[in-house]
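Undergrad: sequence below, structure please.
(one chain, ligands or ions: 2)
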Amino acid sequence: MEKQDTKTDIQELEKKLKYTPTHVWDSIDDDEKKRAFAFAEVYKDFLDQAKTEREAVRYISEKALAAGFTYPGTSNPPSSAIVMNMYGKTVSMARLGTEPISEGVRIIISHIDAPRLDLKQRPLMEKEDMAFLKTHYYGGIKKFQWLTRPLSLHGCIIKSDGSALNVEIGEREDDPVFTILDLLPHLARKAQYEKKLLDAIEGEKLNIVVGSLPFENKDVSDRFKLSVLLYLDQKYGVREEDLISSEIEVVPAGRARDVGLDRGLVGGYGQDDRICAFSSMNALLDAKGLKRTGILLFADKEEIGSDGATGAKSRFIEQVVAELMKTAGLTPTAFQINSILSRSQALSADVNAGIDPDYTDVHEKQNAACTGYGLCMTKFTGHGGKYAANDANAEYVGWLRQVFNRQKVVWQTGELGKVDEGGGGTVAKFLASYGMNIVDCGPPILSMHSPFEISHKGDLYMAYKGYRAFLEE
Ligand code: MN
Ligand code: MN
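TA: Ligands and ions are numbered 1, 2, ... in the order given. All right, here's what the predicted structure looks like:
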């Protein structure tokens, strides 16, 4: 063996043998940096327009239809690009490739629900001469983060005649907002400070202030509640019973913003996982020369376990493949649908946790995702001994690594936290049950599940670039 002693020789050797993740900003030219910033502008607008799964479905469907995608059975001859909507809460976009669909498809699945507070079905109550709406939180939240901030209401109410009323209050400048009260520090010692953080704020205290002016006649009970009901009836034609058939989500009011003097970060609600929804949608819209059929799934209910007709455990994907087969002139059978899915490749496009600079010791740094280091491939999720993880095949990770490297995607690998520190799951395992190859792949996020999540514009752009490379290869 040759002797390697000069400084350059050793540097060369290190470069050749060692794996060193690179920062996106060290890896792309000025032109791409400009494109990354421009992409983030459209992204922030998407975050503002799509704060709930229903709003995300509307946004994605509109973009797809504008780009020539059609609902199955609505165009003759059938279009090779379809969009399918299930109950207005989950949606799929798909485009046939030039290769036969029987060879398998490429799937990117993201989720469009986010942690929030849902109104209870009988939400309205009165206490101490104010009116409130009771909530039940949805997904994993740190309850204290939702107090004393402006909140908005988004959703729909199905009235007694069956008609649907869309609700969005608290986003326009002249709209009122809503809020949850918190105890002043002066009196918080026993009620909050002496308790564990987890127990200090009770779920039943997450009540939204909705009114403070009494009904004028003093002879009735619950004057503040009645006053709110009167307003709802006069303004919207909504009675209290109508709220039983409603889905009203309480989310942070206000727009997504640039964060930092250099504007390198995006701050906003619901980036887990709408950052992946947005970047995969644009990847399919922009993809050129698709060989394999590309399918995007935007799932609901990920944050509460993926159950339900609009969650990733449903068999919506089979319907999408069936429609694509019909479009391709084939007769879908259960056997063929399963055969196609088992030959497919998929990305579970979901975010990972970026290393939190103030809590580095919950991460194992060598195997953690870093903000600004690009799209993160997560071979396995789960908790305590990889329990309930999909754990992608090495062969598949190897193939994807080649795709990303060929297309100059800045990517990294990371697992969620130290061994035995905690953990989490994604939808990967549900699609894997068809026998397809699937791996988790998404940008890192800071302050995940908070009302103001943080992403890096370089990572957002690399998510788009990586998803596009996956669809185009
Ligand atoms: Mn997620
Ligand atoms: Mn999540």
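Undergrad: from the stretch 101-250 of the chain, which residue is nearest to ligand 1?
TA: Residue nearest to ligand 1 within the stretch 101-250 of the chain (C-beta to the ion): His111, separated by 5.7 Å. All C-beta spots, glycine's among them, are computed from the backbone N, C-alpha and C.
Undergrad: wait, doesn't that residue sit right on Ala277?
TA: Yes - counting by C-beta atoms under 8 Å, His111 does reach Ala277; the two are 7.4 Å apart.
Undergrad: related to what we said a few turns ago, distance of the residue of the stretch 101-250 of the chain closest to ligand 1 relative to Gln319?
TA: Using C-beta to C-beta, to the nearest Å, we find His111 at a distance of 18 Å from Gln319.
Undergrad: so for those two, which residue has more residues nearby?
TA: His111 (29 against 16; other C-beta atoms under 10 Å).
Undergrad: in which helix or strand does the nearest residue to Ala191 once chain neighbours are set aside reside?
TA: Closest residue to Ala191 apart from its sequence neighbours, by C-beta to C-beta, 6 or more residues apart in numbering: Leu183 at 5.9 Å. Under DSSP states H and E, no helix or strand contains Leu183.
Undergrad: now do Leu183: how many residues are near it, please.
TA: By other C-beta under 10 Å, neighbour count at Leu183 equals 15.
Undergrad: I'd like to know how far it sits from Leu147.
TA: Leu183 is 9 Å from Leu147, by C-beta to C-beta.
Undergrad: got the phi/psi numbers for the nearest residue to Tyr461 once chain neighbours are set aside?
TA: Among residues not flanking Tyr461 along the chain, Ala36 sits closest, at 3.6 Å (C-beta to C-beta, 6+ apart). Here is the backbone geometry of Ala36 (degrees, to the nearest 10): phi -60, psi -40.
Undergrad: now do the same contact list for Ala36.
TA: Neighbouring residues of Ala36 by C-beta atoms under 8 Å, 6 or more residues apart in numbering: 24, 28, 457-458, 460-461.
Undergrad: and those, which two are the farthest apart?
TA: Farthest apart among these by C-beta to C-beta are Ile28 and Leu460. That separation is 12.8 Å.
Undergrad: higher neighbour count, those two?
TA: Leu460 (25 against 21).
Undergrad: what about that one, helix or strand, and which?
TA: Using DSSP H and E, Leu460 falls in helix 457-472.
Undergrad: quick one: is that helix near ligand 1?
TA: No - applying C-beta under 5 Å from the ion, one finds helix 457-472 separated from ligand 1 by no less than 12.9 Å.
Undergrad: swap in stretch 380-388?
TA: No - Stretch 380-388 stays clear of ligand 1 (C-beta under 5 Å from the ion), getting no nearer than 10.2 Å.
Undergrad: so for the residue nearest the centre of the chain, what's the nearest residue that isn't a sequence neighbour?
TA: In the chain, the residue lying closest to the centroid (C-alpha atoms, centre = their mean) is Asp273, at 1.7 Å. Spatial nearest neighbour of Asp273, chain neighbours left out: His111 (4.6 Å); criterion: C-beta to C-beta, 6+ apart.
Undergrad: likewise Glu99?
TA: According to C-beta to C-beta, 6+ apart, the nearest residue to Glu99 is Lys291 (5.0 Å).
Undergrad: am I right that that neighbour sits in a helix?
TA: No - counting by DSSP: H, G, I helix; E, B strand; the rest coil, Lys291 is not found in a helix; it is coil.
Undergrad: is it in contact with Pro100, as I believe?
TA: No - using C-beta under 8 Å, Lys291 is not in contact with Pro100, being 10.4 Å away.
Undergrad: now do the contacts for the residue in the stretch 151-300 of the chain that ligand 1 sits nearest to.
TA: Closest to ligand 1 within the stretch 151-300 of the chain is Asp273: 3.9 Å, counting by C-beta to the ion. For Asp273, the contacting residues are 110-112, 114, 302, 349-351, 442, by C-beta under 8 Å, 6+ apart.
Undergrad: same thing with Val83?
TA: 60-61, 64-65, 69-71, 91-94.
Undergrad: can you list which of the residues you listed are found in strands?
TA: Secondary structure defined by DSSP state E assigns 91-94 of those to strands.
Undergrad: and of those, the nearest to Gln412?
TA: Met93 (27.3 Å).
Undergrad: for Val57, see how far away the closest one is.
TA: Counting by C-beta to C-beta, the gap from Met93 to Val57 is 11 Å.
Undergrad: which phi and psi does the residue of the stretch 151-300 of the chain closest to ligand 1 have?
TA: phi -130, psi 30.
Undergrad: where does the chain dip in pLDDT?
TA: 1-4 (pLDDT under 70).
Undergrad: tell me the residues of it that contact ligand 1?
TA: So far as C-beta under 5 Å from the ion goes, the chain lies against ligand 1 at 272-273, 350.
Undergrad: shared neighbours, His111 and Ala277?
TA: When contacts are counted by C-beta under 8 Å, 6+ apart, His111 and Ala277 are jointly contacted by Phe298.
Undergrad: how's the chain carved up into domains?
TA: 11-114+269-472, 116-252 (automatic domain parsing).
Undergrad: can you give me the end-to-end distance of the first one?
TA: Using C-alpha to C-alpha, to the nearest Å, the gap from the first to the last residue of domain 11-114+269-472 comes to 35 Å.
Undergrad: ok, stretch 254-271 next?
TA: 14 Å.
Undergrad: how about it, which residues are buried there?
TA: Of the residues in stretch 254-271, 254, 256, 258-259, 264-271 count as buried by neighbour count, 16 or more other C-beta atoms under 10 Å.
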